[in-house]
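**Student:** sequence and predicted structure are below.
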Amino acid sequence: MDNKLMLMIPGPTPVPEAALLAMAKHPMGHRSKEFDGIFAECTENLKWLHQTSSDVLSLTVSGTGAMEAGIINFLSAGDRVLIGTNGKFGERWAEVAEAYGLNAEIIKAEWGQPLDPEHFREKLEADKDKQIKAVILTHSETSTGVLNDLETINRHVKAHGEALIMVDAVTSLGAVNIPMDAWGIDVIASGSQKAYMIPPGLGFVAVSPKAWEAYKTAKLPRYYLDLGKYRKEAAKNTTPFTPPVNMFFGLQVTLQMMKAEGLENVFARHKRLMTTTRAAVKALGLPLFAADDAASPAITSVMPPESVDAQKVRTLMRKRFDIALADGQDHLKGKIFRIGHLGFVGDRDILAAISSLEAVLRELGHEGYTPGAGVAAAAKFLAES
């Protein structure tokens, strides 16, 4: 049956019908008063979502573009930075740093393991001359389903006193609590196709006053991604370059939806879906790639049994049930599959995905579980939560 595709991947995520209908409206001029009003509302609600009174800037980029902008606007070539890498996206920021001539020191953990905050503390405390200019890390490492301990790492950065902290929150912003002002986070980057519940195309960068001070002396090249331009125009409820007008129509709707649900309820829903999914997968006799105490609320990475090919699981899920699961990345390609539960996802979606996964595993010959165990585990947790 056509048009029944169910996205259970970490992005793009499902889009609410109200947002789809809003984006289907005829465009308006991006320099009109009507659009200025929509932009102003979106900016105000973005600040609410980030729990900040500082600037939250909207760029026509992907999450990668938002993160690159967050890096290049506040640093200069040769600056010493610490970069946490425990997956594909942490490694990406190391590549960006290399491209711009930063002096990057890598703090590494194996894929599937969280970054150790102590390694950051040791490096920062040893920096008596305050040469470290920034600490850069991915909060929710999408490639593995690991949530890094941002709160503790950030405390060590704050104790250093000089370094900025720059956070890839592409799959954590809107899924887990990141109180920007309360924690004193300097730069947060995110993307529209994740918890924002609209298609790819918009990136967001939140910037602290401390980061803006660093901007004044930063010397890396920038033009389209010059956040100073965006800040100047945002003060007038507009943008320095042509924005995707209809994307803002959708963003206006989904931010209103999130406000109506309430921040604590949004975070609780993502935690409930994560815990439900993990309980169900365990009941099916499948190992999880990330430990419970470091699990991302956005995505669950699953290792199939030796008798079952991960790619066949994904193929049959799509062919039989029109449910899209994500593949592993890089050296994990074909070795794990990833179940997304981010954004416009609810209890029914998890139950549908788990029951379909059970049927697929049965068809592929997996017998290491009691039939119905996954759905039973999910239903039990949902009934008790």
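**Tutor:** Sure, I can see it. Remember, it's a predicted structure, so these values are computed and weren't measured experimentally. Numbers count the residues shown, from 1 in each chain.
**Student:** burial check on residue 53, number of neighbours?
**Tutor:** 10 (other C-beta atoms under 10 Å). Quick note: C-beta positions are derived from backbone N, CA and C, even for glycine.
**Student:** which positions in the longest helix along the chain come out as buried?
**Tutor:** Ranked by residue count under DSSP state H, the longest helix found in the chain is helix 263-283. Across helix 263-283, burial judged by 16 or more other C-beta atoms under 10 Å covers 266-267, 269-283.
**Student:** just stretch 341-357 next, same as before
**Tutor:** 341-345, 347, 349-351, 353-357.
**Student:** about what we covered before: who does the longest helix of the chain touch, helix- and strand-wise?
**Tutor:** strand 299-302, helix 347-363, helix 373-384 (3 or more C-beta pairs under 8 Å, 6 or more residues apart in numbering; DSSP states H and E).
**Student:** quick one: it to helix 373-384, angle?
**Tutor:** 150 degrees (axes from the mean of the first three to the mean of the last three C-alpha atoms, to 10 degrees).
**Student:** now helix 263-283: mean pLDDT?
**Tutor:** Averaged across helix 263-283, pLDDT comes to 98.
**Student:** and for stretch 105-121?
**Tutor:** Mean per-residue pLDDT for stretch 105-121: 98.
**Student:** what is the end-to-end distance of that stretch?
**Tutor:** End-to-end distance for stretch 105-121: 14 Å, by C-alpha to C-alpha, to the nearest Å.
**Student:** what's it in contact with?
**Tutor:** 80-87, 90, 94, 123, 135, 137, 143-144, 146-149, 152-153, 156-157, 159, 289-291, 294, 301, 331-332 (C-beta atoms under 8 Å, 6 or more residues apart in numbering).
**Student:** now it: buried residues?
**Tutor:** 107-109, 111-117, 119-121.
**Student:** can you show me the helices along the chain?
**Tutor:** Counting by DSSP H, the helices of the chain are 17-23, 33-50, 63-72, 88-99, 117-126, 150-160, 180-183, 209-215, 227-234, 245-261, 263-283, 310-321, 347-363, 373-384.
**Student:** comparing these, which comes out most buried?
**Tutor:** helix 63-72 (a mean of 24; mean count of other C-beta atoms under 10 Å).
**Student:** got the angle for that one vs helix 227-234?
**Tutor:** Helix 63-72 runs at 110 degrees relative to helix 227-234, counting by the same axes, to 10 degrees.
**Student:** and helix 63-72, how far from the chain's centre?
**Tutor:** Mean C-alpha position of helix 63-72 versus that of the full chain (C-alpha atoms, centre = their mean, to the nearest Å) differs by 13 Å.
**Student:** likewise stretch 292-307?
**Tutor:** Worked out by C-alpha atoms, centre = their mean, stretch 292-307 lies 16 Å from the chain centre.
**Student:** give the buried residues for that stretch.
**Tutor:** Buried residues in stretch 292-307, counted by 16+ other C-beta under 10 Å: 294, 295, 296, 297, 298, 299, 300, 301, 302, 303, 304, 305.
**Student:** first to last residue in that stretch, what's the distance?
**Tutor:** The first and final residues of stretch 292-307 sit 24 Å from each other (C-alpha to C-alpha).
**Student:** one more: stretch 188-205?
**Tutor:** End residues of stretch 188-205 are separated by 6 Å (C-alpha to C-alpha).
**Student:** same check on stretch 133-144?
**Tutor:** Distance between the two ends of stretch 133-144: 28 Å, counting by C-alpha to C-alpha.
**Student:** my guess is residue 160 contacts residue 127, does it?
**Tutor:** Yes - at 6.7 Å, residue 160 counts as touching residue 127 under the criterion of C-beta atoms under 8 Å.
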